[in-house]
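[1] I'll drop the sequence and a predicted model, then ask my questions.
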2 protein chains.
Amino acid sequence: MTAPRRAPRLIDVAETAGVSIATASRALAGTNGVSEAMAERVRQIAAELGYVANAHARSLASGASSSVGLIVHEIDDPYFTEIASGVLGLAAERALAVQICHSGRDPRVELAQIRSLVANRTGSIIVAGSGHVDPSVEADARAELARFQADGGRVAMIGRHNVAADAVLPDNNAGGRAIAEHVLSLGHRRIAIASGSMGLTTIADRMAGIQEALAAGGRRAAKPLVVEAEFTREGGAAAARQILDDAPDTTAILALNDAMAIGVLAVLRERGLACPGDVSVSGFDDVAVAAHLGPSLTTVRLPMEEFGRLALGMTLQPVASRPRKKHTGHELVVRESTAPPPG
Amino acid sequence: MTAPRRAPRLIDVAETAGVSIATASRALAGTNGVSEAMAERVRQIAAELGYVANAHARSLASGASSSVGLIVHEIDDPYFTEIASGVLGLAAERALAVQICHSGRDPRVELAQIRSLVANRTGSIIVAGSGHVDPSVEADARAELARFQADGGRVAMIGRHNVAADAVLPDNNAGGRAIAEHVLSLGHRRIAIASGSMGLTTIADRMAGIQEALAAGGRRAAKPLVVEAEFTREGGAAAARQILDDAPDTTAILALNDAMAIGVLAVLRERGLACPGDVSVSGFDDVAVAAHLGPSLTTVRLPMEEFGRLALGMTLQPVASRPRKKHTGHELVVRESTAPPPG
DNA sequence: CTGAAAGCGCTTACAG
DNA sequence: CTGAAAGCGCTTACAG
């Protein structure tokens, strides 16, 4: 029916208001240099016409950007969902548009996504995936982000990355120590670890904290069995199967994130083992559902939503002479899934 | 250190290639009308210079858009997270940028977000929140979306809305019927419903399906107690408390989404009631964690990720003469949380 | 196959 | 306080 007409432009409101587009622009921008009466009149006409300024033209003309880019592994992963929620929340307060994309933890996809954000001239880019222990993996992304920053863009990384940029640093090491100490204090001595890829700095840091605590526990605990798998529910299940096959006398399984812990719990049920009766299980992150699992999950709470707000907040501040690092805290949350070992 | 230089522009690559910007533009766009040799040369120089086309300028000049907007209630809510994941997945395949924003289920915020997407000239807008039974609530959004479409924009709604646009329609009514029939067939007669706001079409449709099944169950079941609360975990908990206080002989509580069901489960534990031993509980949606709760949750699975893909897919197709509606299915998923009533 | 030029819809010095 | 004009970085008829 309605023929595709054109959206009203600034010149349309200027003409019907009988002023120049310069004046109309100033009135709408709230810039001073326009009489309040004129400004009010222009605004009203703009509203009547349903005028909405073209952000592309505005950005092109002003050079300013009112958008931010966020790269997550996968929005469906609660860890990243909560980070995204934090970013979206602060962005809304600042009237910033947020462009979100998946990296799928594939460095090549991540590079493509960075370039997409650069193309869209977002004012800042937030990378929320884990860093890689091998710096060469992130080489291309590092170069692209460096160029982006040289061109005036702002960057914040969440997690430990080999990138010269502001960063939010989760308390992975201390969190790892806390969860290991908790399990040791419960009396567990045959401990296994369901780990994600050791190539990720997030894993490496959590693992390091755990190993420190275990080493400090000295003669008390046997060397833990470490099984590496996908950093997902399925990975947790696979790791649990191998642990129970290779070391059936294990009394505690530390999963390096909550998703893996959920997989571990599933395998325990599958094999008719009680948790925490036969085997204690712990997670990491404290995603929203951890408290509602059966049994509820002992884990290390990380303030993911705050990660998002902090990261965006940093990019909204002027560049510092050197990259800023924000260290965040953790909290050990003891629930039903851990208890003293049987016997 | 590095003085904020300027990002390379098309003219920079054109000059170093010794060609006009027209030729450079065509070479990079892959448009025909350029010799392959020339095109290859330009591409290589662009790569060396680290050139990334300015999407704003491109969009302004071409009038085309390579981005889509997605409005969700809250990304942190798994229902919307999965929808977003579907949108992001298909968008990545089509090289589309996705701008996501929260409406917080507040019509005024939603309107502001629609305007933000219009300003950013996204090619299409996907609205994923529930519709409202009262059409006047969505009046402003409806007008804005109509204008957007008249201007050539594409719109897809997820859920039943009073908006003339393409839509993905979840199988809420039949799903409601299925879950109610399941509970009836188990032998429950004193049934209560933990409902979200009846002003939402999603709720109204699920409720209607349930009531139909209950009515068909005829003399078998008593009129169900319906308690309205927030459509969240906390709302579910509040509803459960009231249900147990007002009708302590209730043997089954149907929650109208999984989040509410989780809240119901928590209250049951809190009061020392066994599920499903004393009270059966069901959810709706089948979010990823439903299978891992304690007890695992009987619910109605809706293909949320597919909602996202379908909605985006519709907006990528040419406008039809009249709005297209895609009806999707549901699947009753029986798990541990429902069983025959005690006694 | 290639280029000169107009134009996309704004903002912002620069004058008045 | 207001306006004429240049310019942001591209694309795309229009010529050749």
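    In hand now; what should we look at?

[2] count of residues packed around the nearest residue to A:Arg301 once chain neighbours are set aside?
    With sequence-adjacent residues excluded and distances taken as Cβ to Cβ, 6 or more residues apart in numbering or on different chains, A:Arg301 is closest to A:Asp286, at 3.6 Å. To be clear about C-beta, it is placed using only N, CA and C from the backbone, and glycine gets the same treatment. Using other Cβ atoms under 10 Å in any protein chain shown, A:Asp286 has 26 other residues around it.

[3] and what of A:Thr122?
    Applying other Cβ under 10 Å, I find that A:Thr122 has 27 neighbouring residues.

[4] A:Gly69 is in contact with that one, correct?
    Yes - using Cβ atoms under 8 Å, A:Thr122 makes contact with A:Gly69 at a distance of 4.0 Å.

[5] Chain neighbours aside, what residue packs nearest to the closest residue to chain B within the stretch 201-343 of chain A?
    Minimum separation of the stretch 201-343 of chain A from chain B (Cβ to the nearest Cβ) falls at A:Gly294, amounting to 1.2 Å. Excluding its sequence neighbours, the residue lying closest to A:Gly294 (Cβ to Cβ, 6+ apart) is B:Gly294, at 1.2 Å.

[6] now do the same end-to-end measure for stretch A:124-142.
    15 Å (Cα to Cα, to the nearest Å).

[7] ok, now stretch A:328-343?
    38 Å.

[8] Ok, stretch A:72-84 next?
    OK, stretch A:72-84 end separation, Cα to Cα: 8 Å.

[9] For the residue in the stretch 201-343 of chain A that DNA strand D sits nearest to, give me its contacts.
    Residue nearest to DNA strand D within the stretch 201-343 of chain A: A:Val319 (19.7 Å; Cβ to the nearest atom of the strand). Neighbour list for A:Val319: A:Gln149, A:Arg154 [criterion: Cβ atoms under 8 Å, 6 or more residues apart in numbering or on different chains].

[10] and it, how far is that from DNA strand C?
    20 Å (Cβ to the nearest atom of the strand, to the nearest Å).

[11] ok, that residue to A:Val42 distance?
    A:Val319 sits 36 Å away from A:Val42, going by Cβ to Cβ, to the nearest Å.

[12] got it, and A:Leu225?
    A:Leu225 is 71 Å from A:Val42, by Cβ to Cβ.

[13] who's more crowded, the two?
    A:Val42 (25 against 17).

[14] excluding its backbone neighbours, what's nearest that one?
    In space, A:Val42 is closest to A:Ala27, 3.7 Å off (Cβ to Cβ, 6+ apart).

[15] Count the residues that sit near the one you found.
    Neighbours of A:Ala27 using other Cβ under 10 Å come to 25.

[16] now do A:Gly313
    18.

[17] right, and A:Gly123 touches A:Thr315 too?
    Yes - assessed by Cβ under 8 Å, A:Gly123 is found in contact with A:Thr315 at 7.4 Å.

[18] Give me the more crowded residue out of these two.
    Per other Cβ under 10 Å, whichever of A:Gly123 and A:Thr315 has more neighbours is A:Thr315, with 21 against 18.
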